[in-house]
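Participant: Sequence and predicted structure are below.
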Amino acid sequence: LAVKMGTSIRHVRALETGEKTNPSACLLCKVAVALDVPMETFMRIQPEEGDELDKAKGDETLPYLNATCDLLYSLGVTANYKGFLHTTYAVSLCMERQDRLLLVTKWLYPDVARRYGTNWKAVERNIRTVSRIAWIRNRVLLESLAQRPLDRHLCSTEFLAVLFHAVYSAEFQDLSSSKS
């Protein structure tokens, strides 16, 4: 397991014995991939103290986080990039309010930055890095998701819009098939 996760045996043992509590989402993604199980097996999104909006949402965003994680892994982006978490959270926020994609520097990046204790410029840069990694590692899938040939890597906003569309389309298909 340690080899599959790219970490030490000591680190895995600390997780198993409970010596290490409250592991990061990045670490949980690595465990899930190594064990070939859905990330939700290990992860429950807990709202921050006093965050009434998050308390009202409960675990509604979890499927979007998982779908986006799976998509990023398919694109060749792994959880060791800061932008991995920024991207997954940004897409889940867009699933709640699609209009966030219209003014990302005012309505989206600041919320992601608050969640991860950074600034909006770092969020944008980290998502842009993830977009470049996806372009390099799995351009074919990225073009398929964008539904067009791409002559350059996508800027961070375009990348989020493509991921949003892919996750939204999958969610819509799931809803349609469950009604049948």
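Facilitator: Thanks, I have it. Residues are numbered from 1 along each chain as shown.
Participant: Could you list the single helix or strand in this structure with the lowest mean pLDDT?
Facilitator: helix 52-57 (a mean of 39; mean pLDDT, DSSP states H and E).
Participant: In terms of secondary structure, what does the helix or strand following that one contact?
Facilitator: Going down the chain from helix 52-57, the next helix or strand is helix 62-74, by DSSP states H and E. Counting contacts by 3 or more Cβ pairs under 8 Å, 6 or more residues apart in numbering; DSSP states H and E, helix 62-74 packs against helix 25-35, helix 82-96, helix 156-179. All C-beta spots, glycine's among them, are computed from the backbone N, C-alpha and C.
Participant: what angle sits between the next helix or strand along the chain from the second one and helix 82-96?
Facilitator: Meaning helix 82-96. The helix or strand immediately downstream of helix 82-96 is helix 109-116, counting by DSSP H and E. For helix 109-116 against helix 82-96, the angle by axes from the mean of the first three to the mean of the last three Cα atoms, to 10 degrees is 120 degrees.
Participant: residues in contact with helix 109-116?
Facilitator: Helix 109-116 is contacted from outside by 82, 85-86, 89-90, 93, 119-124, using Cβ atoms under 8 Å, 6 or more residues apart in numbering.
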